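Novice: Quick one: sequence and predicted model below, then my questions.
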Amino acid sequence: MAAAAAVAELIPASSSYTKTTLHSQFSYVSTRLACHRRVNLRPVPVSQNSRISCSVTSNEVQAPAALNIEDAKKKPECFGVFCLTYDLKAEEETKSWKKLINIAVSGAAGMISNHLLFKLASGSVFGPDQPIALKLLGSERSITALEGVAMELEDSLFPLLREVSIGIDPYDVFRDAEWALLIGAKPRGPGMERAALLDINGQIFADQGKALNAVASRNVKVIVVGNPCNTNALICLKNAPNIPAKNFHALTRLDENRAKCQLALKAGVFYDKVSNVTIWGNHSTTQVPDFLNAKIDGSPVKEVIKDTNWLEEEFTEKVQTRGGVLIKKWGRSSAASTAVSIVDAIRSLVTPTPDGDWFSTGVYTAGNPYGISDDIVFSMPCRSKGDGDYELVKDVVFDDYLWNRIKKTEAELLAEKKCVAHLTGEGIAVCDLPGDTMLPGEM
């Protein structure tokens, strides 16, 4: 898995969130995990015993009146501070808070989530006045670790984190989710063929798509991180016909961030001077970092970096192989910078895009203006008004070099689509992949 070179914007401390008021703002309800150890991912009736729920408030920001501690003790499987509900109406800062939003995260006990969850809870993603509920999905093997994650979130005293729930059944965890960050996937093992990984992980995302379709918000925004993320996103959206296909994203933002970093290094500028960078296509070694449309300090990259050979060869290769180089240096994949890139991807959708700029995300190609084949998930340049939606950028140019590279990554995604036809409802799978192009970090 690749990672991002950007740094998330931190929310400055303010007197509204001092430690003297934090404790009185929290309310959670927690249940034990013993009843939740099952692995069946098919639809099941939802019951109180089917999930662990740490709940501070209802879906509205304002909480009910304080519960008597004796009443809290009557609740089954309740313990600790999560048994208490405080009167938030007395807290001045909650008057300007927005309605609670539900964020589901799969693979929540993994390393990427270990970095991501605390950024979400801190307010640095959705804003300092946006309370959130975290709904964390793990597996039977990771459920104990998930309890540890919930404990760390509890100990962190985040005032905006109003609710935490954990479980292993997506039909429970995804209920009413307004954002679904699908990180969990099986890693590629030694000797595993790429087609086998597509099938194994594809089944995971088919099940999760069905669960989202059944219980999530009808306007849920889905970001697929688990690899191969483009085709996993396609599988997921095909299994969620009641959710707009436009709402599904494959994470290619970390590739964009790496491309910006390399261009900045070559030009001798800080990376905030680099804009209009697009990653086209698949999150694989066929991805196309677009330097033709990119800009450095407002000027076309090719006017600033005149070494065409470096742009066409070394630059592209560095972006594609950065994750593998990092693994060799550090001995592990780039979980932290991947988490930052997820933050960047979300913020690009909930914050208006700066005038003249755009961002990369893998989205459904139906009706795209570029001539890319329909019915695949392909990374393209997008802009947003900050409402969670986006539009494709039309003012881009192509030359023969860029277009030929785009057609190569398109061919790979079309081949992957045929390989998972049995998971998208399109018949019998025929797997004839053009080559092994998984990124090194996915091994």
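Specialist: That came through fine.
Novice: where exactly do the helices run in the protein?
Specialist: 19-25, 69-73, 111-122, 143-155, 170-173, 194-215, 229-238, 253-267, 301-304, 308-309, 316-330, 335-350, 400-419, 421-424 (DSSP state H).
Novice: Apart from its neighbours in sequence, what residue is nearest W310?
Specialist: K266 (6.9 Å; Cβ to Cβ, 6 or more residues apart in numbering). Any C-beta I mention is one placed from the backbone N, CA and C, and that applies to glycine too.
Novice: Next up, the contacts around that neighbour.
Specialist: Taking Cβ atoms under 8 Å, 6 or more residues apart in numbering, we find K266 in contact with I305, D307, W310, F315.
Novice: Among those residues, which one has the most neighbours?
Specialist: The member of the contacts of K266 that has the most neighbours, counting by other Cβ atoms under 10 Å, is F315 with 20 neighbours.
Novice: And that one, how close does it get to L265?
Specialist: 10 Å (Cβ to Cβ, to the nearest Å).
Novice: what bits of this structure have low per-residue confidence?
Specialist: The model of the chain has pLDDT under 70 over residues 1-96, 189-191, 436-443.
Novice: Which residues are in contact with V105?
Specialist: Taking Cβ under 8 Å, 6+ apart, one finds S113, L116, L117, L120, L134, K135, L136, L137, A180, L181, I183 in contact with V105.
Novice: want to throw those residues into a markdown table with distance to S156 and neighbour count?
Specialist: Listed next are those as a markdown table, based on distance: Cβ to Cβ, whole Å; neighbours: other Cβ atoms under 10 Å:
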| residue | distance to S156 | neighbour count |
| --- | --- | --- |
| S113 | 14 | 27 |
| L116 | 14 | 28 |
| L117 | 10 | 25 |
| L120 | 11 | 25 |
| L134 | 12 | 24 |
| K135 | 17 | 28 |
| L136 | 14 | 26 |
| L137 | 20 | 30 |
| A180 | 23 | 31 |
| L181 | 19 | 29 |
| I183 | 20 | 25 |
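Novice: Pick the one among those closest to S348.
Specialist: L181 (14.1 Å; Cβ to Cβ).
Novice: Excluding sequence neighbours, find me the nearest residue to the closest one.
Specialist: V105 (4.8 Å).
Novice: Could you tell me how many residues sit around R258?
Specialist: Neighbour tally, R258, other Cβ under 10 Å: 28.
Novice: how many neighbours does D129 have?
Specialist: For D129, using other Cβ under 10 Å, the count is 15.
Novice: One more: K328?
Specialist: Count around K328 with other Cβ under 10 Å applied: 9.
Novice: re the thing from before, nearest to V430, out of the helices of the chain?
Specialist: Among the helices of the chain, the nearest to V430 by Cβ to Cβ is helix 400-419 (4.9 Å).
Novice: Can you spell out which helices and strands pack onto the closest one?
Specialist: helix 194-215, helix 229-238, strand 278-280, strand 288-290, strand 377-383 (3 or more Cβ pairs under 8 Å, 6 or more residues apart in numbering; DSSP states H and E).
Novice: which other residues reach that helix?
Specialist: 195, 198-199, 228, 230-231, 234, 280-282, 284, 286-288, 290, 292, 312, 370, 372-373, 375-378, 398, 424, 426, 429-435, 437.
Novice: Contacts only, for the nearest residue to G184 once chain neighbours are set aside.
Specialist: Distances taken as Cβ to Cβ, 6+ apart place G107 nearest to G184, at 2.6 Å, with adjacent residues excluded. Neighbour list for G107: S113, L137, G138, L182, I183, G184, A185, V225, G226 [criterion: Cβ under 8 Å, 6+ apart].
Novice: I'd like these as a markdown table, with distance to G324 appended.
Specialist: A markdown table is the format used below for the contacts of G107 (distance: Cβ to Cβ, whole Å):
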| residue | distance to G324 |
| --- | --- |
| S113 | 22 |
| L137 | 28 |
| G138 | 28 |
| L182 | 23 |
| I183 | 20 |
| G184 | 22 |
| A185 | 18 |
| V225 | 18 |
| G226 | 18 |
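Novice: from the residues you listed, which two are the most distant?
Specialist: Among the contacts of G107, G138 and V225 lie farthest apart (Cβ to Cβ), at 15.1 Å.
Novice: quick one, which of those two is more surrounded?
Specialist: A count of neighbours by other Cβ under 10 Å puts V225 above the other of G138 and V225, at 30 against 25.
Novice: ok, that one touching A335?
Specialist: No: counting by Cβ atoms under 8 Å, V225 does not reach A335; the two are 10.8 Å apart.
Novice: List the contacts of L311.
Specialist: F291, V301, K302, I305.
Novice: Quick check on those: which are buried?
Specialist: For the contacts of L311, a neighbour count by 16 or more other Cβ atoms under 10 Å gives the buried set as F291, V301, I305.
Novice: From N276, how far out is the first one?
Specialist: Using Cβ to Cβ, one obtains 10 Å as the distance from F291 to N276.
Novice: Please apply the same query to the last one.
Specialist: Distance from I305 to N276, counting by Cβ to Cβ: 14 Å.
Novice: same question, H283
Specialist: Relative to N276, and taking Cβ to Cβ, H283 is found at 20 Å.
Novice: Tell me which of those two has more neighbours.
Specialist: H283 (32 against 22).
Novice: got a list of what the more buried one touches?
Specialist: Counting by Cβ under 8 Å, 6+ apart, H283 has contacts A2, N227, P228, C229, N230, A250, L251, T252, D255, G362, S379, L439.
Novice: Repeat that for E256.
Specialist: Contacts of E256 by Cβ under 8 Å, 6+ apart are V277, T278, I279, P289, F359, S360.
Novice: For ChimeraX, what selects the buried ones among the residues you listed?
Specialist: Of the contacts of E256, the buried ones go into a single ChimeraX selection, burial set by 16+ other Cβ under 10 Å:
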select :277,278,279,289,359,360
